[in-house]
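Student: got a sequence here, can you build the structure:
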Amino acid sequence: CLEGTRVDILTKITEWASLGDSNVFWLHGPAGSGKSTVATTVALKLQRGKGGTFFCKRDSEVQRKASLIIPTLVFRLAKALPAFGRLVALVIEEEGNVGSSIEWQFENLLLGPLKLLEKEKGSIQSHLWVIDALDEC
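Tutor: This is a model prediction of the structure:
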């Protein structure tokens, strides 16, 4: 976003992220209303913090595959949290692949290791993820 623009929505997103009382912030609106611009601005701020992104694009062979969203997020989270990465590696070693369904990926590569990590550590750090243009996958 250009300096001084979209201040209200960026403030709302910042407040939402700091409160931590809801897991999802859904930014929606008609095509061309600036959602991707806001998502890009938030993503640039993430480069300095904890989190990651996946920008879906209809005309990109890789970025239009919904099946790559969870593995991409898991990979980035594993880089940020080595203990999480070790748990994911155990799942992949046991299963031999990353699964064919998004549901399997979510349950086994993301949620399962996060739950185990939370049991081990008592709590885990918050991470903010931006997924843009999901309708293009």
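Student: partner strands of the lowest-mean-pLDDT helix or strand in the chain, with direction?
Tutor: The helix or strand of the chain with the lowest confidence, counting by mean pLDDT, DSSP states H and E, is strand 51-55 at a mean of 79. Applying DSSP bridges, strand 51-55 is found paired with strand 128-132 (parallel).
Student: average model confidence for the strand it pairs with?
Tutor: When pLDDT is averaged over strand 128-132, the result is 83.
Student: kindly report the same for stretch 41-49.
Tutor: Mean per-residue pLDDT for stretch 41-49: 74.
Student: ok, stretch 5-23 next?
Tutor: 84.
Student: tell me the buried residues in it?
Tutor: I9, I13, A17 (16 or more other Cβ atoms under 10 Å). From N, CA and C alone the C-beta is placed, and that goes for glycine too.
Student: closest one to A78 out of the residues you listed, please.
Tutor: A17 (21.5 Å; Cβ to Cβ).
Student: the closest one and W129 touch, don't they?
Tutor: No - in this structure, A17 is not within contact of W129 by Cβ atoms under 8 Å, at 10.7 Å.
Student: pipe the buried residues of stretch 5-23 into JSON lines and attach distance to L73 and secondary structure per row.
Tutor: Putting the buried residues of stretch 5-23 into JSON lines (distance: Cβ to Cβ, whole Å; DSSP: H, G, I helix; E, B strand; the rest coil) gives the following:
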{"residue": "I9", "distance to L73": "23", "secondary structure": "helix"}
{"residue": "I13", "distance to L73": "18", "secondary structure": "helix"}
{"residue": "A17", "distance to L73": "16", "secondary structure": "helix"}
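Student: tabulate these in JSON lines, adding columns for distance to Q105.
Tutor: Below are these laid out as JSON lines (distance: Cβ to Cβ, whole Å):
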{"residue": "I9", "distance to Q105": "30"}
{"residue": "I13", "distance to Q105": "26"}
{"residue": "A17", "distance to Q105": "24"}
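Student: hey, where'd the helices end up in this protein?
Tutor: In the chain, helices defined by DSSP state H lie at 7-19, 35-46, 69-80, 82-95, 102-104, 112-121, listed in chain order.
Student: so which of those is nearest Q63?
Tutor: Per Cβ to Cβ, nearest to Q63 of the helices of the chain: helix 69-80, 9.5 Å.
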